[in-house]
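Engineer: sequence and computational prediction follow.
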Amino acid sequence: MPPVVSYFLCDSWYTCGSIMDAFVKKGFYTVGALKTNRILYPHGIKQKLSELAIHIRKTDSAVSLVTAHSRSYYAYRYEGNLNGIENAVVLITYLKDAFHTPKAMRVLSEQTFR
């Protein structure tokens, strides 16, 4: 068990249920990149992440404009299940000036302890 709050950070290759579960059991929060073809279930409907991203609007209540250092990003927060991962939080981000530009989209996921 980690002595302080600790994170396992990984790329999309390691963002799978079995690996994330192993780290959660050891007491680590797990944060990893996701590929845009990953399946999630907004409102119980099976959908690719890239398909969900098309429908995100800047005015959605789950979208926030955030600033980190000197860059601004639009961030959309999804909480629910992914294929193989329960209780995930997914953050879909775009640079402010590249909203809905597929190559500008970056996605992270965190498996929670719930």
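Structural biologist: Happy to help now that I have it. Residues are numbered from 1 along each chain as shown.
Engineer: now the residue positioned nearest the centre of the chain: how far from residue 97?
Structural biologist: Taking C-alpha atoms, centre = their mean, the centroid of the chain lies closest to residue 90, which sits 2.4 Å from it. Separation of residue 90 from residue 97 (C-beta to C-beta, to the nearest Å): 23 Å. C-betas here are computed from N, CA, C, even on glycine.
Engineer: tell me the contacts of the residue nearest to the centre of the chain?
Structural biologist: Residues near residue 90 by C-beta atoms under 8 Å, 6 or more residues apart in numbering: 34, 40, 49, 77-79, 82, 107-109.
Engineer: what about the longest helix in the chain?
Structural biologist: helix 17-25 (DSSP state H).
Engineer: what's next to that one, contact-wise?
Structural biologist: Outside helix 17-25, the residues touching it (C-beta under 8 Å, 6+ apart) are 8, 10, 30, 32, 84-86, 111, 113.
Engineer: could you pull out the helices for the chain?
Structural biologist: 17-25, 49-54.
Engineer: just tell me which of the ones you listed ends up closest to residue 69.
Structural biologist: Closest approach to residue 69 among those (C-beta to C-beta): helix 49-54, 24.0 Å.
Engineer: buried stuff in that closest one?
Structural biologist: 49, 52-53 (16 or more other C-beta atoms under 10 Å).
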